[in-house]
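>>> Predicted model follows, preceded by the sequence.
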Amino acid sequence: MKRRNGFLSTVYAGLIFLFLYLPVAVIVVFSFNSGRTTTNFESFSFYWYVRLFTTNFEAQAALRNTLILALSTAVITVLLGTLAAVGIDRLRRKFTERIALSANNIPLMSPEIVMGISMMMLFIFGGALFNQQFVLGFGTVLLAHITMCLPYVILSVLPKLRQTDPHLAEAAQDLGCSQVMAFFRVTLPSITTGIASAFLITFTLSLDNFVISRFTAGPFTTLPLHIFGQIRMLVRPDMYALTTLIFVMMFLLLLGSNLLQARAAKRQNKHT
Amino acid sequence: MEKDIIIDLRNINIALGGQPILQDLSLYIRNKEFITLLGPSGCGKTTTLRIIAGFLQPDEGQVIFDGSDCAGVPPHKRQVNTIFQRYALFPHLNVYKNVAFGLKLAKLSKKELHDRVTEMLALVNLTGFEKRTISSLSGGQQQRVAIARALAVRPRVLLLDEPLGALDLKLRKDMQVELKNIQQQLGVTFVYVTHDQEEALSMSDTIVVMDEGVIQQIGTPKDIYDEPKNAFVADFIGESNIIDGIMLADLKVKFAGMTFTCVDKGFAKNEKVDVVIRPEDVDIVPAARGVLPGTITSATFKGVHYEYIVDVQGFKWMIQSTDAYAVDDVIGIMIDPQEMHVMKKSKYSDLIGDYSSFSDEFDELSNPEEDDDE
Amino acid sequence: MNKRKLPIGAALLNAPFTLWIAIFVLAPLVLVAYFAFTGNDGRFSLEWFEYIFHPARRETYLRMFGDSLLYGATATAISLLLAFPLAHFMAQSKPSVQRVLMLLIMVPMWMNFLIATIAWQSILEYNSGLINNLLAAIGLPRLRMINTPGAAILGMVYNFVPFMILPIYTVMARLNVQLVEAAQDLGASRWQVLRRVIVPLSMPGVMSGIVMVFVPSVSVFFINDRLGGVRLIGDVINQRVLNETNLGAAFSLILMLMILVCMLVLNRMGDREKGAFVT
C-alpha cells in the first residue's frame, strides 16, 4: 500500500507499543531489584539471577523439563506435520482436501482449556482401559503439545508446498531421481523456510504453554507450571528474572532467524 | 527409413478426470528428427509429451522406445529428457549445480562431470555463469540453463514443452535459431510442443497438427502449409480463405458462382468440398480484368505488404498485396489454378467462416499463453 | 511427482495425520460429552446439569455464563478497535520497518500470560501499584484500578490483541497498491478509500482475528480473576475439573456450546456483510 503514515498515526502506533511493552519493562526492571517485592525498587542487583542459578533447584529442573519437552514437541510435530502437509498437498480432490483442512482447524478453533481437559479425559479414560491409575506425565503432555502444535506446522508448510512448482520434482525425476529421491533433493529444499518457521513456532508454543500442560502433565513440572505454583502465594522477582532470561533467549532466536532470512533474500537479489 | 524409428506410439488412449484427452493416437518419431506437435491449447500435445516422458501412463496403447515397450518404466529410467514450460530449474542450486544434477545421479567421475558441465554451458553460451543463482538470471538465460541441464545427461530424445512461451518476441526468434542449431549439432531427436504455427513451420522437419486429442495431419512444413488436409489445418496454419465449393469433375471446381480449373482430382462427381486459397496467392487486378469482382472493406498496412479484407459476393476474403488500394475501391481478383487447394469436407468446415469478424486483437487474445491440457 | 496417479501414496501419507486427529482431537471431544452425561455410578445421567441449573445456583451460573460472553465480546471489540488502525499503520510502513514491527508485536507474545498478568497487577494495584505510587509521589489521589471490570478487560486485551493485529496486518500487507490507486483515480477521498476498499478487503483478516480473540477471551481464567476480581466460566472449569471431572466436563460442554452458537451467529453476520458489499 502507499506509504503515508501521518504524525497522528505514528503517535497512535507508539502508544500501542507502549501498552504492549509496559509489563515487559516492569518485568525486566524489577528482575534487577535487590528487594523482595515487585512494586518497590530498592537498588540494582543480580541477586535473583544468582539465586536462580545457585539455589533455586526447582526452577532449574522446571526449565530443563520445559526445554526437553519443547524440543521433543518441535522435532516430532515438524516431522508429522510435514508428512501430513505433503499428503494434503497430494489430495487432488477438493472435497477430501477441505475435510482435511477443516479437521486441521478444530484444534485452532477450540479453547485451550477445552483441549486440555478433553485430552486429560482421553488419557484418564485410556489409562482406565489398561487399569493404569496414574498415566499423566511427560508422555501425555508431549502428546498433548504435539496435538496443539500440529495445525501450525501444516499451516506453515502447506503454503510453501503449494508455491513449489510441481514440475521441479518432475524435472528431478526426468534427470534420474526416483520419486522418493526427488522429494528429498528438490521438494524438501524448497520448503525448508516453511519447515524452519514451523519448528520455531512449535518450539515457542510448547515452551510457553500453561493451560494444556496444567491438565495433561500430572507430576511433570514445566516452567509455566512452576511459575503458576510460585505466584499463587507471594510474587518474588526470581520469576521475573527467569522470564527476562527466556525473553532474551527468544529474542535472539527470533532475531537470528530474521537475519538469516534477510540474508537469504539479499543473496537471491544480489545479481539482479 | 522404417528401421530408424526411435519412438513409436501405438493406439494411445488416455482420459484424465473423465475427459478423453487422446483418442487412438498413433505416431512414430524418427531418430534425429525435429518433430513438432502443434495445436491449440487442450489439444493433447502436452499430454502426449508427458506420456513419452513417463509422467503419465496411457489407459490403452503402447509406447515403444527404440524397439522395446516402456510400459511401467519410470521417468528416471528413460533415455528421454524434458524442457519444462517454465524451465523448472532448482532454485536452491546455482547454475553449475543445476546442470550437474543429472550427471551426479549418473555417478560420473568428478573430472568427467566438470568437463561435461563446462561443455554444456559453452554450448548454450553461458560460460562464466557457473556460480550465479537461478533467480539472478533473465528468462532467456534460464531457458539456456534448462537446455544445458537436459542435454548434459545425453538423452536420445529431448522433449520441449512450449520452451519459448515465456520469452518476448525478439528473444524467441533468436532462441528458435539457436535451438535448431543445437539440435543439428548434437543430432538429438527433438520433440517440440507449441501452439505457435510460425515457430513450428520455421524449425521442424515434421509437423504433427493436433486438435481435440486427434492427429489432424502429419507432414513436412511445406506439405502442411501447401496441402492442408482439412479446414482445421488450413485455418490453424497461416491465414486461409476457405470457400464452399462443388467438385464438378476432375480438375474442375465451382465456387463463388464460377467454374475454375484446378489441379486436384479424385473426388466424386458433384462432391461438396472446401476450397483453400492463401491470402498471398490471390492477385488484385483492375475490376474489368478480374475473374471475380470485389469491394475492399478494410485495409491494414503490415510493413512488407497490405492486408485487405475484400467483400466478394458477400463472402469476406483476406488478400495480401504489395499494391496500395483504398477502402471502397472496387477491384477484380485472379487466382492461378495451382494456388487453389481442394479439401474434403470435415467436421470443421462449418465452424470456420470468412473474415467478416476478423481483427488482429481478437486473434491475439484467443491465442492462449499456456497449454492447460494437462 | 505425479500427483494424479498416486491415490495409494496420498492415502498412506495422510493416514498418520487422520489417525492423529481422530484419536487426539475428535475422541477427546466425544469423551467430554460422555463424561458430562455420566453419573458417579458410571451410568447415563443428567445430574451434572441438574446441579448447575438447580434453582439455588441457577441464577449465579446463568449470570456467570452471560458475563463470560459479555467480557469476551467487549475484549474482542476493543481489540479490533485497537488493532485495525495499527495493522493499517504497519502495512503502510516501509518493508524494513514492517519486519521490525512484526518482531516487536511477537516478542511480548512469548511472555507467559501468568507473568504478564502479575506484572499488570503490580502496575495497577491500589496501595502499592506502580501507577498509584507515581500519583502519590506527585501528590495526586490514588485511583481505584485493580479489581474493576476495566482491569479484567485490559488484561484480556493485552494478552490477545496480537492475535487480532497479525491476521489483519497479513491481509492488508498483501493488498494490491493499485486497488487503492484505482479508487483514488476514480475520485475516492482517503476516507472513502478506507471505507469502500480497504475495510471490505480486510474482512477476511478481521473475521479470523475476531475468532482468534473471542475464543480465548470467552474461555479465559486467572487473568480476569487476578486483575478484575471477576470469576468467569473458565475459572470454574479450571478449579472443578481436576477433582470433579464429570462436573467440569458438563461446564466445558456448556462453554463449547456457547462458542459454537457465537461462531454460527458470526458466520451468518459475515455472510450478510459480504452480501452488503456486493450491492
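Yes, it's here.
>>> give me phi/psi at residue B:169?
When read as degrees, to the nearest 10, the backbone of residue B:169 gives phi -60, psi -50.
>>> Please disregard the earlier target; I meant residue B:276.
phi -110, psi 130.
>>> How about it: which residues does it bridge to?
Residue B:276 forms beta bridges with residue B:242, residue B:341, as assigned by DSSP bridges.
>>> Near it, how many other residues are there?
Neighbourhood size, residue B:276 [other CB atoms under 10 Å in any protein chain shown]: 25. (Each C-beta comes from the backbone N, C-alpha and C, glycine too.)
>>> what does residue C:76 give?
Neighbour tally, residue C:76, other CB under 10 Å: 27.
>>> Pull the contacting residues for it.
Contact analysis of residue C:76 by CB atoms under 8 Å, 6 or more residues apart in numbering or on different chains lists C:164, C:210, C:213-214, C:217.
>>> cool, residue B:60 as well?
B:11-14.
>>> cool, residue B:143 as well?
Contacts for residue B:143 (CB under 8 Å, 6+ apart) come out as B:87, B:163-164, B:166-167, B:175.
>>> Return the entry from those residues with the maximum number of neighbours.
Of the contacts of residue B:143, with other CB under 10 Å as the count, residue B:163 tops at 28 neighbours.
>>> Look at that one and tell me its secondary structure.
Three-state secondary structure (criterion: DSSP: H, G, I helix; E, B strand; the rest coil) places residue B:163 in coil.
>>> Also residue A:259?
helix.
>>> Quick check: it vs residue B:274, distance?
As for residue A:259, its distance to residue B:274 is 69 Å (criterion: CB to CB, to the nearest Å).
>>> between the two, who's got more neighbours?
More neighbours surround residue B:274 than the other of residue A:259 and residue B:274, with 23 against 10 (other CB under 10 Å).
>>> my read: that one touches residue B:245, true?
Yes. Under the criterion of CB atoms under 8 Å, residue B:274 makes contact with residue B:245 at 7.0 Å.
>>> Residues that sit against both of the two, list them.
Listed contacts common to residue B:274 and residue B:245 are residue B:342; contacts here mean CB under 8 Å, 6+ apart.
>>> picking that back up, most neighbours, which of the contacts of residue B:60?
Ranking those using other CB under 10 Å puts residue B:12 first, with 24 neighbours.
>>> Now do the contacts for residue 117.
Defaulting to chain A. Contact analysis of residue A:117 by CB under 8 Å, 6+ apart lists A:215, C:32, C:237, C:241, C:248-249, C:252.
>>> Oops, wrong one, chain C.
Residue C:117 touches C:155, C:159, C:222-223, C:226-227, counting by CB under 8 Å, 6+ apart.
>>> next one: residue A:207
Under the criterion of CB under 8 Å, 6+ apart, the neighbours of residue A:207 are A:66-67, A:70, A:223, A:246, C:110.
>>> Can I get the residues you listed in TSV including neighbour count?
Listed next are the contacts of residue A:207 as TSV, based on neighbours: other CB atoms under 10 Å in any protein chain shown:
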residue	neighbour count
A:66	22
A:67	16
A:70	22
A:223	27
A:246	20
C:110	18
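>>> Report the entries of these that also contact chain B.
Applying CB under 8 Å from any CB of the partner chain, the subset of the contacts of residue A:207 adjacent to chain B is empty.
>>> Which member of those is positioned nearest chain B?
Set against chain B, the nearest of the contacts of residue A:207 by CB to the nearest CB is residue A:70 (28.4 Å).
>>> Where do the helices of the stretch 1-150 of chain C begin and end?
C:7-21, C:27-36, C:47-52, C:55-91, C:95-106, C:113-124, C:130-137, C:149-174 (DSSP state H, counting those that start in this stretch).
>>> now the stretch 101-250 of chain B
Under the criterion DSSP H, counting those that start in this stretch, the stretch 101-250 of chain B contains helices at B:110-123, B:139-152, B:169-186, B:197-203, B:221-226, B:231-236.
>>> got it, and the stretch 101-250 of chain A?
Along the stretch 101-250 of chain A, counting by DSSP H, counting those that start in this stretch, helices occupy A:112-129, A:138-163, A:166-174, A:179-182, A:188-190, A:192-208, A:211-216, A:223-231, A:237-269.
>>> Using JSON lines, lay out those together with mean pLDDT.
Below are those laid out as JSON lines (pLDDT from 0 to 100):
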{"stretch": "helix A:112-129", "mean pLDDT": "92"}
{"stretch": "helix A:138-163", "mean pLDDT": "94"}
{"stretch": "helix A:166-174", "mean pLDDT": "89"}
{"stretch": "helix A:179-182", "mean pLDDT": "87"}
{"stretch": "helix A:188-190", "mean pLDDT": "89"}
{"stretch": "helix A:192-208", "mean pLDDT": "91"}
{"stretch": "helix A:211-216", "mean pLDDT": "95"}
{"stretch": "helix A:223-231", "mean pLDDT": "89"}
{"stretch": "helix A:237-269", "mean pLDDT": "80"}
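>>> count of residues packed around residue C:242?
Neighbour tally, residue C:242, other CB under 10 Å: 13.
>>> can you confirm it is in a helix?
No. Counting by three-state DSSP, residue C:242 is not found in a helix; it is coil.
>>> got a winner among the contacts of residue C:76 for most neighbours?
Tallying neighbours with other CB under 10 Å puts residue C:164 at the head of the contacts of residue C:76, with 30 neighbours.
>>> Am I right that it is in contact with residue C:208?
No. Using CB under 8 Å, residue C:164 makes no contact with residue C:208, being 9.2 Å away.
>>> tell me the domain ranges of chain B?
Split into domains by automatic domain parsing, chain B comes to B:2-226, B:231-356.
>>> Tally up the residues packed near the closest residue to chain A within chain B, please.
In chain B, no residue comes nearer to chain A than residue B:136, which is 2.9 Å away by CB to the nearest CB. Here the number of neighbours of residue B:136 (other CB under 10 Å) works out to 18.
>>> Next: residue B:90.
Residue B:90 has 21 nearby residues by other CB under 10 Å.
>>> So it, which state does it fall into?
In three-state terms, and counting by three-state DSSP, residue B:90 is coil.
>>> Could you measure from it over to chain C?
To chain C, residue B:90 is 14 Å away according to CB to the nearest CB, to the nearest Å.
>>> shouldn't that residue be in contact with residue B:101?
Yes. Look at residue B:90 against residue B:101 with CB under 8 Å: they come within range, at 6.8 Å.
>>> joint contacts of the two?
residue A:172.
>>> and the residue nearest to residue B:133 when sequence neighbours are not counted, what is it in contact with?
Closest residue to residue B:133 in three dimensions, ignoring its sequence neighbours and counting by CB to CB, 6 or more residues apart in numbering or on different chains: residue B:94, at 5.7 Å. Residue B:94 sits next to B:130-134 when contact means CB under 8 Å, 6+ apart.
>>> Only whichever of those residues are buried, select them in ChimeraX.
Restricted to buried positions by 16 or more other CB atoms under 10 Å in any protein chain shown, the ChimeraX selection for these reads:
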select /B:130,132,133,134
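>>> Tell me the one of the contacts of residue B:94 nearest chain C?
Nearest to chain C among the contacts of residue B:94 is residue B:134, at 19.9 Å by CB to the nearest CB.
>>> how about the nearest residue to that closest one, chain neighbours excluded?
residue B:89 (4.7 Å).
>>> Contact partners for that neighbour?
Contact analysis of residue B:89 by CB under 8 Å, 6+ apart lists A:171, B:98, B:134, B:142, B:145-146, B:149.
>>> The residue positioned nearest the centre of chain C sits in which helix or strand?
When CA atoms, centre = their mean is applied to chain C, the residue found nearest the centroid is residue C:213 (1.9 Å). Using DSSP states H and E, residue C:213 sits within helix C:199-218.
>>> contacting residues around residue B:292?
Taking CB under 8 Å, 6+ apart, we find residue B:292 in contact with B:256, B:258, B:312-313, B:332-333.
>>> circling back: how much space between the residue nearest to residue B:134 and chain C?
Distance of residue B:89 to chain C, given as CB to the nearest CB: 17 Å.
>>> Cheers, nothing more for now.
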